[in-house]
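Participant: my questions are about this predicted structure, shown below with the sequence.
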Amino acid sequence: MDFIELAQKAALEAGELLRENFGKVKGVEYKAKNSIVTEIDRISEDLIIRIIRDKYPSHSIFAEESGRDGSGSGHLWIIDPLDGTTNYTHTYPFFSVSIALEIDGEIKLGVVYDPLKNEMFSGEKGEGAFLNGHPIKVSETARVEESCLCTGFIHTRDWMVEENLIHFGNFIRRSRAVRRDGSAALDLCYVACGRYDGFWELGLNPWDTAAGFLICEEARGLVTDFSGDRFNIYNQEIVATNMTIHSEVLEVLSIGRG
(Lines give C-alpha, C1' and ligand atoms only; values in the text may rest on other atoms or scores of the structure.)
Protein backbone atom coordinates (compact mmCIF):
# COMPACT_ATOMS: atom_id res chain seq x y z
CA MET A 1 0.00 0.00 0.00
CA ASP A 2 1.49 3.36 -1.01
CA PHE A 3 1.11 6.65 0.88
CA ILE A 4 -1.97 7.96 -0.95
CA GLU A 5 -3.78 4.64 -0.57
CA LEU A 6 -2.99 4.63 3.15
CA ALA A 7 -4.28 8.19 3.54
CA GLN A 8 -7.48 7.32 1.71
CA LYS A 9 -7.98 4.18 3.79
CA ALA A 10 -7.57 6.16 7.01
CA ALA A 11 -9.91 8.90 5.81
CA LEU A 12 -12.58 6.39 4.76
CA GLU A 13 -12.49 4.55 8.08
CA ALA A 14 -12.57 7.79 10.07
CA GLY A 15 -15.36 9.05 7.82
CA GLU A 16 -17.41 5.96 8.52
CA LEU A 17 -16.99 6.60 12.23
CA LEU A 18 -18.14 10.21 11.80
CA ARG A 19 -21.12 9.16 9.72
CA GLU A 20 -22.23 6.52 12.22
CA ASN A 21 -22.06 8.99 15.11
CA PHE A 22 -23.57 12.01 13.33
CA GLY A 23 -26.25 13.44 15.62
CA LYS A 24 -25.02 11.42 18.60
CA VAL A 25 -22.44 13.75 20.19
CA LYS A 26 -22.59 13.31 23.96
CA GLY A 27 -20.28 16.03 25.22
CA VAL A 28 -18.53 19.21 24.12
CA GLU A 29 -15.41 20.79 25.60
CA TYR A 30 -14.01 24.25 24.90
CA LYS A 31 -10.36 24.52 23.83
CA ALA A 32 -10.62 28.28 23.32
CA LYS A 33 -13.28 30.87 22.57
CA ASN A 34 -15.77 29.26 20.14
CA SER A 35 -13.30 26.40 19.55
CA ILE A 36 -14.76 23.09 20.64
CA VAL A 37 -13.78 19.44 20.69
CA THR A 38 -15.91 16.33 21.13
CA GLU A 39 -15.23 12.73 22.01
CA ILE A 40 -15.74 11.92 18.31
CA ASP A 41 -12.83 14.19 17.30
CA ARG A 42 -10.53 12.25 19.61
CA ILE A 43 -11.77 8.80 18.61
CA SER A 44 -11.43 9.70 14.91
CA GLU A 45 -7.90 11.01 15.46
CA ASP A 46 -6.84 7.91 17.39
CA LEU A 47 -8.18 5.72 14.58
CA ILE A 48 -6.27 7.60 11.87
CA ILE A 49 -3.03 7.59 13.85
CA ARG A 50 -3.31 3.88 14.56
CA ILE A 51 -3.80 3.07 10.85
CA ILE A 52 -0.75 5.14 9.89
CA ARG A 53 1.45 3.90 12.73
CA ASP A 54 0.58 0.27 12.00
CA LYS A 55 2.12 0.73 8.55
CA TYR A 56 4.82 3.33 9.26
CA PRO A 57 5.71 3.30 12.98
CA SER A 58 8.70 5.62 12.55
CA HIS A 59 6.74 8.40 10.82
CA SER A 60 5.95 11.58 12.74
CA ILE A 61 2.41 12.77 13.44
CA PHE A 62 1.04 16.32 13.71
CA ALA A 63 -2.65 16.12 14.65
CA GLU A 64 -5.11 18.74 15.85
CA GLU A 65 -6.03 17.18 19.18
CA SER A 66 -2.85 15.34 20.22
CA GLY A 67 -0.26 17.72 18.78
CA ARG A 68 3.10 16.77 17.31
CA ASP A 69 4.65 13.41 18.09
CA GLY A 70 7.93 12.03 16.78
CA SER A 71 10.87 13.82 15.20
CA GLY A 72 13.10 11.09 13.87
CA SER A 73 11.55 10.85 10.41
CA GLY A 74 11.38 13.15 7.42
CA HIS A 75 7.78 12.01 6.98
CA LEU A 76 5.16 14.05 8.84
CA TRP A 77 1.46 13.18 8.68
CA ILE A 78 -0.74 16.24 9.28
CA ILE A 79 -4.21 15.28 10.45
CA ASP A 80 -7.52 16.98 11.11
CA PRO A 81 -9.81 14.17 12.26
CA LEU A 82 -12.95 16.32 12.04
CA ASP A 83 -12.72 19.63 10.22
CA GLY A 84 -15.98 21.36 11.02
CA THR A 85 -16.58 20.23 14.60
CA THR A 86 -19.12 22.97 15.27
CA ASN A 87 -21.08 21.94 12.18
CA TYR A 88 -20.89 18.30 13.27
CA THR A 89 -22.09 19.10 16.78
CA HIS A 90 -25.09 21.02 15.43
CA THR A 91 -25.82 18.32 12.77
CA TYR A 92 -25.05 20.80 9.99
CA PRO A 93 -23.95 18.49 7.15
CA PHE A 94 -20.65 20.10 6.15
CA PHE A 95 -17.53 18.57 7.68
CA SER A 96 -14.58 16.44 6.60
CA VAL A 97 -11.53 14.38 7.44
CA SER A 98 -8.25 15.91 6.25
CA ILE A 99 -4.92 14.06 5.99
CA ALA A 100 -1.71 15.32 4.38
CA LEU A 101 1.84 14.00 4.19
CA GLU A 102 4.82 16.34 4.39
CA ILE A 103 8.16 14.84 3.33
CA ASP A 104 11.32 16.75 4.17
CA GLY A 105 9.36 19.96 4.61
CA GLU A 106 7.20 19.76 1.47
CA ILE A 107 3.58 18.68 1.24
CA LYS A 108 3.51 15.71 -1.11
CA LEU A 109 -0.07 14.48 -0.88
CA GLY A 110 -3.42 15.28 0.61
CA VAL A 111 -6.86 13.74 0.96
CA VAL A 112 -10.05 15.38 2.18
CA TYR A 113 -13.08 13.17 2.67
CA ASP A 114 -16.70 14.26 3.07
CA PRO A 115 -18.39 11.19 4.60
CA LEU A 116 -21.98 12.37 4.12
CA LYS A 117 -21.59 13.02 0.39
CA ASN A 118 -19.06 10.18 0.03
CA GLU A 119 -16.70 12.56 -1.78
CA MET A 120 -12.99 11.81 -1.62
CA PHE A 121 -10.79 14.68 -2.82
CA SER A 122 -7.16 13.74 -3.35
CA GLY A 123 -3.95 15.05 -4.81
CA GLU A 124 -0.29 14.15 -5.12
CA LYS A 125 2.48 16.58 -5.93
CA GLY A 126 2.86 16.74 -9.71
CA GLU A 127 0.12 14.17 -10.33
CA GLY A 128 -3.04 16.30 -10.43
CA ALA A 129 -6.15 16.46 -8.27
CA PHE A 130 -9.13 14.12 -8.19
CA LEU A 131 -12.65 13.71 -6.84
CA ASN A 132 -13.57 10.05 -6.37
CA GLY A 133 -10.84 9.16 -8.86
CA HIS A 134 -11.92 11.63 -11.57
CA PRO A 135 -9.66 14.58 -12.48
CA ILE A 136 -10.78 18.01 -11.29
CA LYS A 137 -9.69 21.55 -12.05
CA VAL A 138 -10.55 25.06 -10.95
CA SER A 139 -13.20 27.23 -12.60
CA GLU A 140 -12.67 29.57 -15.52
CA THR A 141 -14.47 32.55 -13.95
CA ALA A 142 -12.72 35.67 -15.17
CA ARG A 143 -13.82 38.42 -12.77
CA VAL A 144 -14.65 38.78 -9.10
CA GLU A 145 -18.06 40.25 -9.95
CA GLU A 146 -18.95 36.90 -11.57
CA SER A 147 -17.50 34.79 -8.76
CA CYS A 148 -18.84 32.76 -5.87
CA LEU A 149 -16.40 33.02 -2.96
CA CYS A 150 -16.09 31.55 0.52
CA THR A 151 -14.41 32.41 3.79
CA GLY A 152 -14.36 31.50 7.45
CA PHE A 153 -13.98 33.21 10.81
CA ILE A 154 -11.55 32.22 13.58
CA HIS A 155 -12.65 33.69 16.92
CA THR A 156 -9.46 33.34 18.95
CA ARG A 157 -8.18 36.79 17.97
CA ASP A 158 -10.63 39.69 17.93
CA TRP A 159 -8.64 41.70 15.40
CA MET A 160 -8.90 38.85 12.90
CA VAL A 161 -12.68 38.85 13.25
CA GLU A 162 -12.87 42.61 12.77
CA GLU A 163 -10.53 42.57 9.77
CA ASN A 164 -12.38 39.72 8.10
CA LEU A 165 -15.72 41.47 8.59
CA ILE A 166 -14.27 44.27 6.46
CA HIS A 167 -13.15 41.78 3.80
CA PHE A 168 -16.52 40.04 3.92
CA GLY A 169 -18.34 43.32 3.34
CA ASN A 170 -16.05 44.31 0.50
CA PHE A 171 -16.50 40.99 -1.28
CA ILE A 172 -20.27 40.96 -0.74
CA ARG A 173 -20.36 44.25 -2.64
CA ARG A 174 -18.00 43.11 -5.40
CA SER A 175 -18.78 39.42 -6.02
CA ARG A 176 -21.82 37.42 -7.03
CA ALA A 177 -21.98 35.66 -3.65
CA VAL A 178 -19.97 34.88 -0.53
CA ARG A 179 -20.49 31.75 1.56
CA ARG A 180 -19.29 30.70 5.02
CA ASP A 181 -19.58 26.92 5.40
CA GLY A 182 -17.29 26.06 8.30
CA SER A 183 -14.76 23.54 6.96
CA ALA A 184 -11.65 25.14 5.45
CA ALA A 185 -10.45 21.80 4.09
CA LEU A 186 -13.65 21.35 2.08
CA ASP A 187 -13.68 25.05 1.09
CA LEU A 188 -10.26 24.59 -0.54
CA CYS A 189 -11.45 21.45 -2.32
CA TYR A 190 -14.53 23.28 -3.56
CA VAL A 191 -12.21 25.84 -5.15
CA ALA A 192 -10.23 22.95 -6.63
CA CYS A 193 -13.27 21.45 -8.34
CA GLY A 194 -14.81 24.76 -9.45
CA ARG A 195 -17.74 24.97 -7.04
CA TYR A 196 -16.15 28.09 -5.59
CA ASP A 197 -13.94 30.50 -7.51
CA GLY A 198 -11.96 31.65 -4.48
CA PHE A 199 -11.44 31.32 -0.74
CA TRP A 200 -9.72 33.44 1.88
CA GLU A 201 -9.30 33.16 5.62
CA LEU A 202 -7.21 34.32 8.57
CA GLY A 203 -5.93 32.35 11.56
CA LEU A 204 -5.99 28.79 10.27
CA ASN A 205 -3.68 26.00 11.44
CA PRO A 206 -1.58 23.53 9.41
CA TRP A 207 -4.09 20.70 9.84
CA ASP A 208 -6.84 22.95 8.41
CA THR A 209 -5.01 23.71 5.17
CA ALA A 210 -2.27 21.16 4.41
CA ALA A 211 -4.31 18.71 2.34
CA GLY A 212 -6.67 21.23 0.71
CA PHE A 213 -3.80 23.54 -0.24
CA LEU A 214 -2.06 20.80 -2.21
CA ILE A 215 -5.28 19.59 -3.83
CA CYS A 216 -6.11 23.14 -4.93
CA GLU A 217 -2.66 23.70 -6.42
CA GLU A 218 -2.79 20.36 -8.21
CA ALA A 219 -6.16 21.41 -9.68
CA ARG A 220 -4.34 24.40 -11.29
CA GLY A 221 -5.38 26.86 -8.62
CA LEU A 222 -3.17 29.50 -7.03
CA VAL A 223 -2.64 29.63 -3.26
CA THR A 224 -0.81 32.53 -1.58
CA ASP A 225 -0.89 34.74 1.47
CA PHE A 226 -2.64 38.13 1.36
CA SER A 227 0.50 39.75 -0.09
CA GLY A 228 0.65 37.31 -2.99
CA ASP A 229 3.65 35.39 -1.63
CA ARG A 230 3.57 31.60 -1.92
CA PHE A 231 1.53 30.01 0.82
CA ASN A 232 2.94 27.64 3.40
CA ILE A 233 0.87 25.75 5.93
CA TYR A 234 2.42 27.58 8.90
CA ASN A 235 1.19 30.92 7.54
CA GLN A 236 -2.08 32.21 9.03
CA GLU A 237 -3.18 34.04 5.87
CA ILE A 238 -4.51 32.04 2.93
CA VAL A 239 -6.00 33.01 -0.41
CA ALA A 240 -6.89 30.29 -2.91
CA THR A 241 -8.42 31.04 -6.29
CA ASN A 242 -8.80 29.76 -9.82
CA MET A 243 -5.72 31.89 -10.61
CA THR A 244 -7.62 34.11 -13.08
CA ILE A 245 -9.20 36.29 -10.39
CA HIS A 246 -6.30 36.10 -7.96
CA SER A 247 -4.87 39.57 -8.46
CA GLU A 248 -8.32 41.12 -8.16
CA VAL A 249 -9.01 39.19 -4.94
CA LEU A 250 -5.70 40.41 -3.48
CA GLU A 251 -6.65 43.96 -4.44
CA VAL A 252 -9.94 43.69 -2.53
CA LEU A 253 -8.15 42.18 0.48
CA SER A 254 -5.80 45.17 0.58
CA ILE A 255 -8.71 47.59 1.13
CA GLY A 256 -9.02 48.70 4.73
CA ARG A 257 -5.94 46.86 6.01
CA GLY A 258 -3.75 48.70 8.48
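Facilitator: In hand now; what should we look at?

Participant: give me the mean pLDDT for stretch 103-123.
Facilitator: Average pLDDT, stretch 103-123: 97.

Participant: avg pLDDT for stretch 129-138?
Facilitator: 98.

Participant: contacts for that stretch, please.
Facilitator: 118-123, 128, 189, 191-194, 197, 215-216, 218-221, 241-243 (CB atoms under 8 Å, 6 or more residues apart in numbering). Bear in mind the C-beta positions are built from the backbone N, C-alpha and C, glycine included.

Participant: same question, stretch 248-255
Facilitator: Residues contacting stretch 248-255 (CB under 8 Å, 6+ apart): 143-144, 149, 166-167, 170-171, 174, 198, 200, 224, 226-228, 239, 241.

Participant: if we can go back for a sec, which members of the contacts of stretch 129-138 are classed as buried?
Facilitator: Neighbour counting with 16 or more other CB atoms under 10 Å marks 119-123, 189, 191-194, 197, 215-216, 218-219, 221, 241-243 as buried within the contacts of stretch 129-138.

Participant: among the residues you listed, which are in helices?
Facilitator: Judged by DSSP state H, the subset of the buried ones among the contacts of stretch 129-138 located in helices is 189, 191-192, 215-216, 218.

Participant: save the residues you listed as CSV, and put in distance to Glu39 and pLDDT too.
Facilitator: Output for these, formatted as CSV (distance: CB to CB, whole Å; pLDDT from 0 to 100):
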residue, distance to Glu39, pLDDT
Cys189, 26, 98
Val191, 32, 98
Ala192, 31, 98
Ile215, 29, 98
Cys216, 31, 98
Glu218, 34, 98
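
Participant: measure the residue nearest the centre of the chain to Glu64 for me?
Facilitator: Taking CA atoms, centre = their mean, the centroid of the chain lies closest to Ala185, which sits 1.9 Å from it. Relative to Glu64, Ala185 is positioned 11 Å away (CB to CB, to the nearest Å).

Participant: which residues are in contact with each of these two?
Facilitator: Taking CB under 8 Å, 6+ apart as the criterion, Ala185 and Glu64 both touch Asp80.

Participant: count the neighbours of Tyr30 for me.
Facilitator: By the measure other CB atoms under 10 Å, the count of residues near Tyr30 is 9.

Participant: report pLDDT for it.
Facilitator: The model's pLDDT for Tyr30 equals 70.

Participant: on the three-state scheme, it is what?
Facilitator: At Tyr30 the chain is in strand, as set by DSSP: H, G, I helix; E, B strand; the rest coil.

Participant: shaky segments in the stretch 1-150 of the chain?
Facilitator: 1, 31-36, 70-72 (pLDDT under 70).

Participant: how about the strands in it?
Facilitator: Listed in chain order, the strands of the stretch 1-150 of the chain (DSSP state E, counting those that start in this stretch) span 28-32, 35-38, 60-63, 67-69, 75-83, 96-103, 106-114, 119-124, 128-131, 134-135, 148-151.

Participant: with distance to Leu6 added, can I get these in a markdown table?
Facilitator: Formatted as a markdown table, the strands of the stretch 1-150 of the chain follow (distance: least, CB to CB, whole Å):
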| stretch | distance to Leu6 |
| --- | --- |
| strand 28-32 | 28 |
| strand 35-38 | 25 |
| strand 60-63 | 13 |
| strand 67-69 | 17 |
| strand 75-83 | 9 |
| strand 96-103 | 9 |
| strand 106-114 | 10 |
| strand 119-124 | 12 |
| strand 128-131 | 16 |
| strand 134-135 | 21 |
| strand 148-151 | 29 |
